[in-house]
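# build the 3D model from these lines:
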Amino acid sequence: MIKQEEYLKKLYLNRFSHKDIKYKLKLWKVLTDSFLQKYIKSNYAVLDIGGGYCEFINQVKAKDKYLIDLNPDSNKFANSDVDVINIDILTIDMHKNILKSFDVIFISNFFEHLGNKEELIKVLLFCFDHLKTGGSLLVIQPNFKYSFREYFDFIDHQLPITHISLQEVMKTVGFSIDTVIPRFLPFSTKGRPTSPFLLKIYLKLPFLWSFLGAQMFIKAIKPVENI
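Next up is the predicted model:
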């Protein structure tokens, strides 16, 4: 029987060619520099969950950078200043190996791969427990409300989530919601905008998001009063 780690490796090798990966890296540089970096100070400790090819964590400017991913190939893509932790975040016993607290936890295109709502709650509880007081959880996530036609075109998409349902579960876990953009990025890198230059323009023109956006952006905060 094929192991989960090996299955993931083969799945993403089939889905993304080396050319695709290089192209996505350029798009992520624009997204990181032009949008995400404003939420992250240079002295922060940042954790990227499920960021297998390290497009975000390699490029963000931060003091301490960590990545959690099951895909063993993540180690090949991570820069030398990124600590890669190959664990299953859904396995509670493995959480004891992570002793550090983070200023920011970033999650992109991960929740849709979870098997059920209980697994989503486990991940959010992990984030809440490992964030510092006042720390932020930043999420970019396909919004089922605006991407239902394409949502299940990927075999590993299982859990449909909207910006409304995600806010509800975040609040239940204990987060306060700081920023919600229901329609932010296009559904996939195969959609528009189709180049780093166009993406840079797109990010400067929020009125376009309501037409082309099918992914949400949410910033949630671990409030002081819950500590």
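# okay, the nearest residue to residue 110 once chain neighbours are set aside and residue 195: tell me how far apart.
Excluding the flanking residues, the one nearest residue 110 by Cβ to Cβ, 6 or more residues apart in numbering is residue 50, at 3.7 Å. All C-beta spots, glycine's among them, are computed from the backbone N, C-alpha and C. Shown here: residue 50 relative to residue 195, a distance of 25 Å by Cβ to Cβ, to the nearest Å.
# tell me which of these two has more neighbours.
Ranked by neighbour count (other Cβ atoms under 10 Å), residue 50 and residue 195 place residue 50 first, with 20 against 13.
# list the contacts for that one?
The neighbourhood of residue 50, defined by Cβ atoms under 8 Å, 6 or more residues apart in numbering, consists of 68, 69, 89, 107, 108, 109, 110, 113.
# and for residue 114?
Neighbours of residue 114 in contact, by Cβ under 8 Å, 6+ apart: 120, 123, 158, 159.
# where do the helices sit along the chain?
4-15, 18-34, 74-77, 117-130, 144-147, 163-173, 196-204, 209-212 (DSSP state H).
# I'd like the ones you listed as a markdown table, with distance to residue 45, mean neighbour count and mean pLDDT appended.
Output for those, formatted as a markdown table (distance: least, Cβ to Cβ, whole Å; neighbours: other Cβ atoms under 10 Å; pLDDT from 0 to 100):
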| stretch | distance to residue 45 | mean neighbour count | mean pLDDT |
| --- | --- | --- | --- |
| helix 4-15 | 26 | 14 | 58 |
| helix 18-34 | 17 | 16 | 84 |
| helix 74-77 | 18 | 17 | 86 |
| helix 117-130 | 10 | 17 | 95 |
| helix 144-147 | 32 | 21 | 93 |
| helix 163-173 | 21 | 16 | 98 |
| helix 196-204 | 26 | 16 | 94 |
| helix 209-212 | 30 | 14 | 94 |
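# among the ones you listed, which comes closest to residue 181?
Set against residue 181 and scored by Cβ to Cβ, those come closest in helix 209-212, at 7.0 Å.
# could you dump the closest one to PDB, C-alpha only?
In PDB, the C-alpha atoms belonging to helix 209-212 read as follows (Å, rounded to 0.1, in the frame of the first residue of the first chain):
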ATOM      1  CA  TRP A 209     -11.300  41.300  -6.900                       C
ATOM      2  CA  SER A 210     -15.100  41.300  -6.800                       C
ATOM      3  CA  PHE A 211     -15.200  40.100 -10.400                       C
ATOM      4  CA  LEU A 212     -12.200  37.700 -10.500                       C
END
